[in-house]
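1. Quick one: sequence plus predicted model below, questions after.
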Amino acid sequence: MAKKHVAVAMGGYSSEYVISLQSGGVVCESLDTEKYHIYPIHILKDGWFHVDSSGKKYPVEKGNFSFSNGDSTIIPDVVFNTIHGTPGEDGFLAAYWELLGIPQTSTGFYQAALSFNKRDCLSVLKNFGVKCANSYYVNKGDTIAIEEILKIVGLPCFVKPSRAGSSFGVSKVHSFEEMTPALEKAFKEDSEIIIETALVGTEVSVGVYTDKGELVVLPPTEIVSENDFFDYEAKYLGKSQEITPARISEEETHAVKTEAKKIYHLLNMKGITRSEFIIQDGVPHFIETNTTPGISKESIVPKQVREAGMTLTQFFGILIENAFQK
């Protein structure tokens, strides 16, 4: 069987590009070289390039997503998408690859765009009875009545950009005075903001993926942050413990896995997604879902994959083979 040409897309245009480059690196070193020709593709604001093992850059032709491997021109058979944030997690690249007829490992463009916008995603899921925190939405330029907001969400609450990943621009607010600076910080990342009641309970993260049409739920991870919440420092600078499997009861494990599967199904996802919940009084409350979750060595999904008894080589192979399923 001829080896498939796999373009591993990494980078992106958001503050998360550094983490995405790490995720992409892990995919490149984990994929089975007997089955695949592997090409790291950097998609960055300053250009799109195939970067070979010696660091030499070959520009990507955007008209058909082709690039040189040093000898010949390659059009990939499939794209492994590891871009967090825009344009890889918000649907832009999914739509582009779909127009070019190139299969890719993450979800479709509409599902990506919907889930990337926390506000719109929550609005859809609430209609299906998914439990979420109380929330209030603000757009840049709105007249902001802090008293009115706090009547609905109470204190403490979270102020978040609606469309940014990796906890950029997120604040936990404990007092009336902290609200204005928190809003200013969030507006630096996005013109749409979501303000939510801070739920009290155990935070867990659950990976779900499709294999040959079947939904598979990975073992949940419990997140214990040393900081006040699971912020950027906690996520990437070691200020949190991520415990897999989560130290929750069998009932809670069953409840959160069922809810993660239900959300994946309701949103009609593909590929690997990771949903975050807070289990308050035994009930999982949905926070958000990520359609290109981190897969660097320190990331949550790789830990869940290993807990489930798979290697990353096996798991990434499953994602690639399933990208070809219509």
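-> Ah, there it is.

2. switch to C-alpha atoms for all contacts and neighbour counts from now on
-> Fine.

3. Tell me the spacing between residue 223 and residue 201.
-> 11 Å (C-alpha to C-alpha, to the nearest Å).

4. First residue to last residue on stretch 212-221, what's the distance there?
-> 25 Å.

5. let me redo that: stretch 148-157
-> 13 Å.

6. List the buried residues in it.
-> Using 16 or more other C-alpha atoms under 10 Å as the test for burial, stretch 148-157 gives 149-150, 153-155, 157.

7. Okay, and which of these map to strands?
-> The strands, defined by DSSP state E, take in residue 157 from those.

8. ok, so of the buried residues of stretch 148-157, who is nearest residue 174?
-> residue 155 (5.7 Å; C-alpha to C-alpha).

9. Check the gap between the nearest residue to the closest one once chain neighbours are set aside and residue 280 for me.
-> Leaving aside its chain neighbours, residue 155 sits nearest to residue 174 (5.7 Å; criterion: C-alpha to C-alpha, 6 or more residues apart in numbering). Using C-alpha to C-alpha, residue 174 is found at 19 Å from residue 280.

10. now do residue 40
-> The separation that residue 40 has from residue 280, given C-alpha to C-alpha, amounts to 42 Å.

11. Show me what residue 74 bridges to in the sheet.
-> For residue 74, the beta-bridge partners under DSSP bridges are residue 67.

12. for residue 287, what are its contacts?
-> Residues in contact with residue 287 (C-alpha atoms under 8 Å, 6 or more residues apart in numbering) are 132-133, 275-278.

13. farthest-separated two in the residues you listed?
-> Maximum distance among these (C-alpha to C-alpha): 14.7 Å, for 133 and 275.

14. right, and the helix or strand after the lowest-mean-pLDDT helix or strand in the chain?
-> Every helix and strand of the chain was ranked by mean pLDDT, DSSP states H and E. The lowest is helix 232-236, at a mean of 53. Moving toward the C-terminus from helix 232-236, the next helix or strand (DSSP states H and E) is strand 240-243.

15. Show me which positions of that following strand end up buried.
-> The neighbour-count check on strand 240-243 (16+ other C-alpha under 10 Å) flags 240, 242-243 as buried.

16. Then stretch 22-34?
-> In stretch 22-34, counting by 16+ other C-alpha under 10 Å, buried: 22-28, 30-32.

17. residues in contact with it?
-> Stretch 22-34 is contacted from outside by 3, 8-10, 38-40, 82-83, 294-297, 312-313, 316-317, using C-alpha under 8 Å, 6+ apart.

18. Let's have the buried residues of strand 240-243 in CSV, adding distance to residue 289.
-> Shown next, in CSV, are the buried residues of strand 240-243 (distance: C-alpha to C-alpha, whole Å):
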residue, distance to residue 289
240, 20
242, 17
243, 19
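
19. Tell me the one among those residues nearest to residue 96.
-> Once C-alpha to C-alpha is applied, the member of the buried residues of strand 240-243 that ends up nearest residue 96 is residue 242, at 34.9 Å.

20. Now for that closest one: which residues touch it?
-> Applying C-alpha under 8 Å, 6+ apart, the residues contacting residue 242 are 221-224, 300.

21. Narrow those residues to those in strands?
-> Using DSSP E, these in strands are 221-224.

22. out of the contacts of residue 242, what pair is the most spread apart?
-> Greatest spatial distance among the contacts of residue 242 (C-alpha to C-alpha): 224 and 300, at 12.6 Å.

23. higher neighbour count, these two?
-> residue 300 (24 against 18; other C-alpha atoms under 10 Å).

24. That one is in contact with residue 294, isn't it?
-> Yes. Assessed by C-alpha atoms under 8 Å, residue 300 is found in contact with residue 294 at 7.2 Å.

25. can you list the buried residues of stretch 148-157 in TSV and add pLDDT and distance to residue 93?
-> Putting the buried residues of stretch 148-157 into TSV (pLDDT from 0 to 100; distance: C-alpha to C-alpha, whole Å) gives the following:
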residue	pLDDT	distance to residue 93
149	94	36
150	94	38
153	95	35
154	95	38
155	94	38
157	94	33
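
26. quick revisit: now a PyMOL select for only the buried ones of the contacts of stretch 22-34.
-> Selecting only the buried entries of the contacts of stretch 22-34 in PyMOL, with 16+ other C-alpha under 10 Å as the criterion:
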select buried, resi 8+9+10+38+39+40+82+83+294+295+296+312+313+316+317
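
27. Restricted to strands, list the contacts of stretch 22-34.
-> Residues from these lying in strands, with DSSP E as the criterion: 8-10, 38-40.

28. Save those as JSON lines, and put in pLDDT too.
-> Shown next, in JSON lines, are the ones in strands among the contacts of stretch 22-34 (pLDDT from 0 to 100):
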{"residue": "8", "pLDDT": "98"}
{"residue": "9", "pLDDT": "98"}
{"residue": "10", "pLDDT": "98"}
{"residue": "38", "pLDDT": "98"}
{"residue": "39", "pLDDT": "98"}
{"residue": "40", "pLDDT": "98"}
